[in-house]
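> no FASTA, just this:
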């Protein structure tokens, strides 16, 4: 990410711990680049008050307030189902472009493909960055990842928006501190924004999900001994499971880290799909990988943000006892148990 | 399909039972629309000699021989990995367009998007049909299929190109003859060509695989009590499993019909992936469906084209004994056992 970016994040009507995923991750990992968040419903509060982190980054109601704070870019910080660009935002983006602001977007509907905005951007010499735009050429996967000597670890989860990217980002620094050459393979728009490279595997043509995943792992393995692959969706998600599964079979991880939220009992916004008990879900996830390359689940990363301290601690203990696996909340408690599990797996993995 | 089409099928270098899937299905199900097949390596033979069906449809070496036989359209009849348009064919297609022939293509790389060919088609008033081009609008899947009263049956398989479409096409007529209002939901370019409608679910943006599948089932259920969904790929295919899985979770079948080839022990062109024993594979396929909607495998359709009569008969008996399920080769032997299984399932299925 360029060092002089000052984002105004657009999250109108959706700025919340469980909704504005891109906004929240940007505030957590690159707060120095965020001058404010637009959400008319919560204007006047701070990111800290809304999210529980982010300090005094202000929530504002208008573009003009963001400009007054020195914004030089607008980041679309929410990810509605399907990723369509809300019509009402086109006018706001047009005004931002007229003020010389670059646009960063993780939507499926490419901002750069809106003719009026593209023309305006050209006139005003600003750039539109569509983080989900696939690379121009992709290959069908064919297992080339098997030739890579790096250890590949994929985060998987019981649902979307449950901690798969956050866990990898928490792990990245900690594993590097242990002296392991580690890279982060970003597979979604937010991860790409933070890492500065990656492929949004949910935005490629369906036949190329695994191929895109394979290509990304190959690139990340070039100068690393450990590749942390950002997981997507869930193998039981009615909308996105195809992406999850293609990513699993394209990245061909050696091990999986399971992300779950103790309070969540059904798929978010699809409550007709009950999340199976974690022990069963782990078995399902290992069975999905096994025919191509066995990938045991080696640790559990819980997302306990909506529990009090005692309940969070109890949830960790319960899951650790039930699964027999190292368990933690990598944000709230300590990422070390997962770091230990990965480091041990990496050190002892039999090399082909 | 329009009634006056006379295809010259392009399958140069690849016309064979196990390769030219689109060509072969078109010859099997709509031979009256095929005037010839271009394959320089086999020119002079007949479709019957190459495929074992197709009668005296000739294999020719040049476009001109096809024109002499009255061709008014070129159909691209092979599906290379990734579906890219071979450069060398652009010249041939250009000549065909100059002769007034329409172009039908199932490739990922859209013929209508090649500027030179698009311009030429406009000049010569011919149409370019890209069968894989997604509908302009797609929604993310959300389980709307659960509101449909029709019984939904999906063919699944141990690998690509193993009989998932063929089985459904064999079933379609037989089930209609039994008086069951049945529709065929075509999910790939060849099925769409034969059926005249459908969505190529491997060509949509990855996040919309399930949504496209859902939309297609909803459309097909409007005037049918039974919907036969064409399966794609395999849940263990390293290149395409994401499509397979998204289709399963989008279509939400009530039952699965398993397609397998007794002689195939590993994934075609990915022989590092062994195909598990069929009993295990059935369990894996049922486990993949179960968290969203249980979908038992109710019959087995074997593809025995490469076995002699005795070996084929023996393979059917063995699989039937090992799985305890009605088993047949629906093309070579008799589709009736699968028809019986579906009709019985449809009649006795508890309605919500």
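Perfect, thanks for sending it. These numbers come from a predicted model, not from an experiment. Numbers count the residues shown, from 1 in each chain, chains lettered A, B, ... in the order given.

> buried sites along stretch A:138-148?
A:138-145, A:148 (16 or more other CB atoms under 10 Å in any protein chain shown). Heads up, the C-betas are built off the backbone N, CA and C, glycines and all.

> any idea of the mean pLDDT in it?
For stretch A:138-148, the mean per-residue pLDDT is 95.

> cool, and stretch A:257-272?
So the average pLDDT for stretch A:257-272 ends up being 97.

> May I see the buried residues of stretch A:138-148 organised as a markdown table, with distance to chain B and secondary structure added?
Below are the buried residues of stretch A:138-148 laid out as a markdown table (distance: CB to the nearest CB, whole Å; DSSP: H, G, I helix; E, B strand; the rest coil):
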| residue | distance to chain B | secondary structure |
| --- | --- | --- |
| A:138 | 8 | coil |
| A:139 | 6 | coil |
| A:140 | 5 | coil |
| A:141 | 5 | coil |
| A:142 | 6 | coil |
| A:143 | 5 | coil |
| A:144 | 10 | helix |
| A:145 | 9 | helix |
| A:148 | 14 | coil |
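
> Is chain B within reach of stretch A:235-253?
Yes: legend: contact between stretch A:235-253 and chain B by CB under 8 Å from any CB of the partner chain is shown at A:235-247, A:249-250, A:252.

> Please identify which two of the residues you listed are farthest apart in space.
A:238 and A:252 (25.0 Å; CB to CB).

> neighbour-wise, which of the two wins?
Set residue A:238 next to residue A:252 and count neighbours by other CB atoms under 10 Å in any protein chain shown: residue A:238 wins out with 28 against 24.

> which ones are touching that one?
Applying CB atoms under 8 Å, 6 or more residues apart in numbering or on different chains to residue A:238 gives the contacts A:267, A:270, A:273, B:141-143, B:210, B:249-250, B:252, B:292.

> How about the secondary structure of it?
coil (DSSP: H, G, I helix; E, B strand; the rest coil).

> so residue A:112 touches residue A:118, yeah?
Yes: counting by CB atoms under 8 Å, residue A:112 touches residue A:118, with 5.6 Å between them.

> list residues touching both of these two?
Shared contacts of residue A:112 and residue A:118 (CB under 8 Å, 6+ apart): residue A:128.

> those helices in the stretch 251-352 of chain A, which residues are they?
Secondary structure of the stretch 251-352 of chain A by DSSP state H, counting those that start in this stretch: the helices cover A:278-289, A:309-323, A:336-348.

> now for those helices, which one comes closest to chain B?
Smallest distance to chain B across the helices of the stretch 251-352 of chain A (CB to the nearest CB): 6.5 Å, for helix A:278-289.

> pretty sure residue A:85 is touching residue A:113, no?
No: at 9.4 Å, residue A:85 and residue A:113 do not qualify as touching, with contact defined as CB under 8 Å.

> Have a look at these two and say which one is more surrounded.
Shown here are residue A:85 and residue A:113; by other CB under 10 Å, residue A:85 has more neighbours (19 against 12).

> For residue A:349, grab the count of nearby residues.
Residues contacting residue A:349 under the criterion other CB under 10 Å number 11.

> Could I get the pLDDT score of it?
As predicted, residue A:349 sits at a pLDDT of 94.

> what's near enough to touch it?
Listed by CB under 8 Å, 6+ apart, the contact set of residue A:349 reads A:151, A:254.

> and it, how far is that from residue A:255?
In this structure, residue A:349 and residue A:255 are 8 Å apart, going by CB to CB, to the nearest Å.

> overlap in contacts of these two?
Common neighbours of residue A:349 and residue A:255 (criterion: CB under 8 Å, 6+ apart): residue A:151.

> circling back to that earlier point, show me which of the residues of stretch A:235-253 next to chain B is closest to residue B:10.
Using CB to CB, those come closest to residue B:10 at residue A:246, 29.6 Å.

> Which residues are in contact with the closest residue to chain B within the stretch 251-352 of chain A?
Closest residue of the stretch 251-352 of chain A to chain B, CB to the nearest CB: residue A:291 (4.2 Å). Residue A:291 sits next to B:236, B:273-274, B:276, B:284 when contact means CB under 8 Å, 6+ apart.

> which of these are close to chain A?
Counting by CB under 8 Å from any CB, the members of the contacts of residue A:291 near chain A are B:236, B:273-274, B:276, B:284.

> Dump the helices of the stretch 251-352 of chain A into a markdown table; add distance to residue B:223 and mean neighbour count as well.
A markdown table is the format used below for the helices of the stretch 251-352 of chain A (distance: least, CB to CB, whole Å; neighbours: other CB atoms under 10 Å in any protein chain shown):
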| stretch | distance to residue B:223 | mean neighbour count |
| --- | --- | --- |
| helix A:278-289 | 36 | 19 |
| helix A:309-323 | 49 | 15 |
| helix A:336-348 | 53 | 17 |
